[in-house]
Structure formats: structure tokens, C-alpha cells
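Peer 1: Here is the input, now give the coordinates:
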Amino acid sequence: MAGIELISPTLDLQQIQMRAIQTLEKGVQIDLSTAMCKKYLRRHANQKTNVVVLYVDIDGSTQMTLSVKSADLAHILQLFSQEMSIVVANYGGYVLKYVGDAVIALFPAEHDMKKANSQALECGRMMLEVINKCINPALSSKGLPELRVKISLDFGDILIILYGKSLENAHIDVVGSCVSMAAKMLAIVPSGRIIMGQSVRDSLPESISKSLVQFDVDESMWSYMDQNKKRYRLYLTLPF
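Peer 2: So this is what the prediction gives:
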């Protein structure tokens with residue numbers, strides 16, 4: 001497979017597990033590239049646009065780096081990044097960055113806010129299913145530690161900044177409160193759960209939002225405010 005965009009939109013769990021085993025035995029099966037995201041960002045260079053930000057992060061990765069051989073750790077991180085990227089692509093998102101043990105993705109929301117938020121949430125749910133039903137069994141079969149992950153979502157506008165003159169070659173990146181909020185949520189979300197800000201919850205169809213539970217966190221752990229100077233509310237999906 002030359003790239004993520006060529007993968008079938010069908011996410012078959014049996015096929016994913018087989019690919020996971022092949023990845024552990026033979027190495028990564030696709031090119032993990034952020035080129036598609038950069039292409040999307042360049043269309044909005046030096047402008048604001050609405051997105052849903054998704055972080056998926058391995059919980060306990062520090063301990064893993066101390067207890068797992070370097071070659072095995074590389075295979076684990078490659079497998080994790082590969083499969084999370086495939087799920088992102090299949091739900092209409094773009095991988096923005098690979099940051100060590102985390103994958104950061106964007107879901108464009110400038111045209112259909114409810115659809116983008118719903119797709120990002122479903123992407124997160126599928127990520128947990130892929131981890132539990134495909135990746136962890138493959139890791140276990142090779143005597144490697146299973147993964148625990150945390151997922152965060154936030155919705156809002158980002159400013160896309162081009163760091164240079166050349167639209168094609170200059171570094172491009174994003175800034176925005178939703179990016180920062182999603183990153184900060186990872187510090188408090190329970191392992192194996194999806195956490196989201198009120199901006200995501202309020203942008204979901206009622207049939208979905210009513211299944212979420214408000215996450216009450218001590219103010220010493222979460223004191224961030226919304227635009228109305230009220231404490232920014234957090235929500236959790238039900239346990240997987």
C-alpha cells in the first residue's frame with residue numbers, strides 16, 4: 001500500500017488484526033505521512049478555519065520505554081501510529097502530527113459542524129475497538145505488552161500559519177485554543193476513555209450527546225474557562 005488514501009474505507013477487524021501481526025513481523029505496512037494534512041492546511045494558509053482536534057495517546061508509555069527492548073518498542077509505536085492513522089483517514093480526518101506516543105488529527109468542520117464532530121467521536125470509538133480487538137491480541141501473541149490509550153476531542157477555530165514565503169515548501173502549522181484544550185485533557189482522562197470539551201458535546205446531534213456523561217473534575221486539576229468566563233465543561237463517553 002503506497003499511502004493511507006488507498007486503503008479500503010471498510011474497517012474489517014479481522015483484516016486489521018492480520019495486518020497488525022504482519023506489521024510486527026515485517027515492519028510498517030504503509031507510509032506514515034502528513035502530506036494530505038499539509039495539502040489541506042495550505043488551502044487555508046494564514047486563515048482561520050473550524051476543525052475538531054483529536055489526540056490519541058498511549059497511557060503508560062514512559063514505563064514501556066524502560067521495560068521494552070528498543071526494536072520492540074519501535075514496532076509497537078509503528079503499529080499504533082499506522083492503525084490510528086488508517087482509522088483517522090477512514091473517518092474523513094487528517095493526521096496533523098506524530099508526536100512520540102501520540103497521534104494528532106484534524107477533522108475539517110467549516111462546512112458541516114455536526115458531521116465533523118460526529119465523525120471525530122466515531123473515529124475515537126473505532127480507535128478503542130481497534131486497540132482492544134486487533135492490536136492488543138496481536139501484541140499479546142508476540143509476547144509484547146498490550147496498549148492502553150486515552151483519547152481527547154475539542155472543537156473550535158484554528159489559525160493556520162505558514163512559516164515562510166513558499167506555499168509549497170515552507171513549514172505550516174496550527175494554533176488555537178481547541179488544540180491546547182485537547183492536549184490538556186489527556187492529563188485527566190481515565191485510560192480507555194474518550195474525553196471531550198463542551199464545544200464538541202454541544203455540536204453533536206442530540207441522539208449522540210445524550211449518551212455522554214459530564215466529567216466532574218476538581219478545580220485544582222481543571223480550571224479552564226469558556227468564552228463566558230465559566231468553567232469549561234468536560235464530558236466522557238461510557239466505558240468501552
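Peer 1: Now do the same contact list for residue 168.
Peer 2: If you count contacts by Cβ atoms under 8 Å, 6 or more residues apart in numbering, residue 168 has them with residue 42. Using the backbone N, CA and C atoms, a C-beta is placed for each residue, glycine as well.
Peer 1: What does it show for phi and psi?
Peer 2: As for residue 168, its main-chain torsions (degrees, to the nearest 10) stand at phi -90, psi -30.
Peer 1: after the strand ranked longest in the chain, next one along is what?
Peer 2: Looking across the chain with DSSP state E, the single longest strand is strand 149-163. Toward the C-terminal end, the helix or strand that comes next after strand 149-163 (DSSP states H and E) is strand 171-175.
Peer 1: Give me the buried positions along the very next helix or strand once past that following strand.
Peer 2: The first helix or strand that comes after strand 171-175 along the chain, using DSSP H and E, is helix 177-185. Within helix 177-185, the residues scored as buried using 16 or more other Cβ atoms under 10 Å are 177-179, 181-185.
Peer 1: Contacts made by helix 177-185 with the rest, please.
Peer 2: Helix 177-185 has contacts (Cβ under 8 Å, 6+ apart) with 51-55, 152-158, 195-197, 199, 222, 224, 232, 234.
Peer 1: could you redo the last one with a cut-off of 10 Å?
Peer 2: Here helix 177-185 makes contact (Cβ atoms under 10 Å, 6 or more residues apart in numbering) with 50-55, 57, 96, 99, 102, 104, 106, 150-159, 173, 176, 194-200, 215, 217, 221-222, 224, 226-227, 232, 234.
Peer 1: thinking again about what came up before, the longest strand of the chain: partners in the sheet, and parallel or antiparallel?
Peer 2: Strand 149-163 has the following sheet partners, assigned by DSSP bridges: strand 48-58 (antiparallel), strand 171-175 (antiparallel), strand 194-197 (parallel).
Peer 1: Against residue 85, how distant is the residue lying closest to residue 28 once chain neighbours are set aside?
Peer 2: Closest residue in space to residue 28, ignoring its immediate chain neighbours: residue 78 at 4.5 Å, by Cβ to Cβ, 6 or more residues apart in numbering. Going from residue 78 to residue 85 by Cβ to Cβ, to the nearest Å gives 11 Å.
Peer 1: So between these two, which is more surrounded?
Peer 2: Neighbour comparison, residue 78 and residue 85: the larger count goes to residue 85, with 24 against 17 (by other Cβ atoms under 10 Å).
Peer 1: Would you indicate which residues of the longest helix anywhere in the chain are buried?
Peer 2: Longest helix in the chain by number of residues, with DSSP state H as the criterion: helix 70-90. Residues of helix 70-90 classed as buried under the neighbour-count rule (16+ other Cβ under 10 Å) are 72-73, 75-90.
Peer 1: What of stretch 230-238?
Peer 2: 232-235, 237.
Peer 1: what does stretch 209-219 give?
Peer 2: Buried residues in stretch 209-219, defined by neighbour count with 16+ other Cβ under 10 Å: 209, 212, 215, 217.
Peer 1: Can you list the low-confidence ranges for this structure?
Peer 2: 1-10, 240 (pLDDT under 70).
Peer 1: Give me the next element, helix or strand, following the strand or helix carrying residue 207.
Peer 2: Per DSSP H and E, residue 207 falls inside helix 206-209. With elements assigned by DSSP H and E, the helix or strand that comes after helix 206-209 is strand 213-214.
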